[in-house]
Structure formats: C-alpha cells, structure tokens
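J.: Pasted the sequence and its predicted model underneath.
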Amino acid sequence: EQDNGMKICDGDGGMLHPSWEAHAEELVAAASVDELIDAIRKLIIAENIECVGGSKRGVVFVARDTRPTGETLCTAVLAALAATDVQVMGDANTLLTTPQLHWQVMMMNKRQPCGLSDYYASLRDGCSVLVQGSPEPKIPNLV
C-alpha cells in the first residue's frame, strides 16, 4: 500500500494555507543536506517564522495511522526531530486520526488540555449540545 506522506497542520489546528505546498515540494526535492538547509532558510524568511530557543521551545505532535509504512515514516520523523530543540509529543506507536491530531494541536496552542480523554469529552459534550441543547451530558435513567 502506498504511503501518502505526512500531515502538517497550522497552529490553530486547521489545514495549512495552500501556499505552503510550494515550500513542501522544495523541502522534499532537496537532494542534499545543504539543499535542505537552504530550503529551510528560505521558508523561514518567506513566512517570517520566529525561530524559538532557550525556554521558548517549539512543540511537534507526532502520530501515525495503521498503514504498514506508518511506523517507518514516524521513526524517520522522530530521528530528524531528535536533532532539534523541540518538544516532541507522541512516538512511533502513537496511533491517531487526522482530526484527533489537528484537535490536539489546536488545544495545545490555546493552552487547554489536549489529551485523548479531553478529545473524547469534547466530542461527547458537542454531541450533547446537538442532541439535547445542553452542554451537560444527560443520560436517561434506564432503571
């Protein structure tokens, strides 16, 4: 089964602007470490990215799906991240759907709880509002 690559989302948990496609293509087309470094530098300048360091470290969420290539791809990403000064959330065994990962990024950047139990609670509460018009889950008494 063919792998469809990595998903990168915006800091608000949404999809990246389509203009980032050109950046992604340049990064994956780099034929050497020097070309990759040049592509990263151009990206930083073009998008006016504030490079952080010291006590202000970046956070990268890493997860995969169940395709056979997922573990290998995830392991490669983790090896690359080990060479940086970012905080990594997840590992090669973290299985998430794309919506779960986007939600975690959004909540982390809102400085809100972003664990899987929080995700499921958010889904439960959202469904409760839709079905019952109330943010509190109301389970009928079945006795």
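T.: Great, that's in hand.
J.: C-alpha only now, for contacts and for neighbours.
T.: Noted.
J.: Surely Val88 forms part of a strand?
T.: Yes: the assignment for Val88 by DSSP: H, G, I helix; E, B strand; the rest coil puts it in a strand.
J.: so what's it up against?
T.: Counting by CA atoms under 8 Å, 6 or more residues apart in numbering, Val88 touches 59-62, 81.
J.: any idea how far it is from Leu101?
T.: 13 Å (CA to CA, to the nearest Å).
J.: do Glu25 as well
T.: Relative to Leu101, Glu25 is positioned 22 Å away (CA to CA).
J.: Tell me which of the two has more neighbours.
T.: Between Glu25 and Leu101, counted using other CA atoms under 10 Å, Leu101 has the larger neighbour count: 23 against 11.
J.: okay, the longest helix seen in the chain in PDB with CA atoms only?
T.: Of all segments of type helix in the chain, defined using DSSP state H, the longest is helix 116-132. The C-alpha trace of helix 116-132 is given here as PDB (Å, rounded to 0.1, in the frame of the first residue of the first chain):
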ATOM      1  CA  LEU A 116      -7.200  11.800  24.200                       C
ATOM      2  CA  SER A 117      -9.600  11.800  27.100                       C
ATOM      3  CA  ASP A 118     -10.100  15.500  26.600                       C
ATOM      4  CA  TYR A 119     -10.800  14.900  22.900                       C
ATOM      5  CA  TYR A 120     -13.500  12.300  23.700                       C
ATOM      6  CA  ALA A 121     -15.000  14.600  26.300                       C
ATOM      7  CA  SER A 122     -15.200  17.400  23.800                       C
ATOM      8  CA  LEU A 123     -16.900  15.100  21.300                       C
ATOM      9  CA  ARG A 124     -19.300  13.900  24.000                       C
ATOM     10  CA  ASP A 125     -20.200  17.500  25.000                       C
ATOM     11  CA  GLY A 126     -20.600  18.600  21.400                       C
ATOM     12  CA  CYS A 127     -22.900  15.800  20.700                       C
ATOM     13  CA  SER A 128     -24.900  16.500  23.800                       C
ATOM     14  CA  VAL A 129     -25.400  20.100  22.700                       C
ATOM     15  CA  LEU A 130     -26.600  19.000  19.300                       C
ATOM     16  CA  VAL A 131     -28.900  16.300  20.600                       C
ATOM     17  CA  GLN A 132     -30.200  17.900  23.800                       C
END
